[in-house]
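Asker: A structural model of the following input is requested.
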Amino acid sequence: MARETFLGSACTGSDGAYSRTLTLTNTAISSAEQVHVEGLLKTVTTDYTISHAASASVITFSSTFAVFNNDEIVVEYTVAPATPSSSAVSGVTYTTVGKIE
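Answerer: Numbering: from 1, shown residues only. Below is the predicted model of the structure:
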């Protein structure tokens with residue numbers, strides 16, 4: 001489990017504004033994130049949404065939730081496993097191997 005900690009000042013927008021966005025450092029996150037603001041667990045779709053793109057994962061706080069610059073924001077998430085690139089090593093073929101019982 002990875003953890004990133006920010007202050008609200010890392011978000012776009014003004015102090016105390018609604019709909020502020022926060023860009024996460026790690027882009028390969030799964031969709032099983034937890035977002036805490038000032039120690040309180042926030043609810044996805046009610047308090048925030050998250051979008052995952054190849055270049056970044058971005059949290060957008062809702063239009064009814066104000067984020068202040070001094071708010072502590074903690075995001076915990078699972079890092080998605082890396083997909084090997086066939087161009088990483090010439091001549092190597094990657095194969096998914098099942099569980100051996």
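Asker: make it CA atoms for all contacts and neighbour counts henceforth
Answerer: Fine.
Asker: Sketch out the low-pLDDT regions of the chain for me.
Answerer: Within the chain, the segments meeting pLDDT under 70 span 27-28, 30-31, 80-101.
Asker: residues near residue 43, how many?
Answerer: 12 (other C-alpha atoms under 10 Å).
Asker: give me the element the residue lying closest to it once chain neighbours are set aside is part of.
Answerer: Once flanking residues are discounted, residue 43 sits nearest to residue 35: 7.7 Å by C-alpha to C-alpha, 6 or more residues apart in numbering. Per DSSP states H and E: residue 35 is located in strand 34-37.
Asker: right, and the helix or strand after that strand?
Answerer: strand 40-41.
Asker: Off-centre distance for that next one?
Answerer: Its chain's C-alpha centre lies 16 Å from the corresponding centre of strand 40-41 when counted by C-alpha atoms, centre = their mean, to the nearest Å.
Asker: which other helices and strands contact that strand?
Answerer: Packing partners of strand 40-41 (3 or more C-alpha pairs under 8 Å, 6 or more residues apart in numbering; DSSP states H and E): none among the helices and strands.
Asker: quick one: contacts of whichever helix or strand comes after it?
Answerer: As assigned by DSSP H and E, the chain's next helix or strand after strand 40-41 is strand 48-52. For strand 48-52, the surrounding residues in contact (C-alpha atoms under 8 Å, 6 or more residues apart in numbering) are 27, 29, 42, 44, 57, 58, 59, 60, 61, 62.
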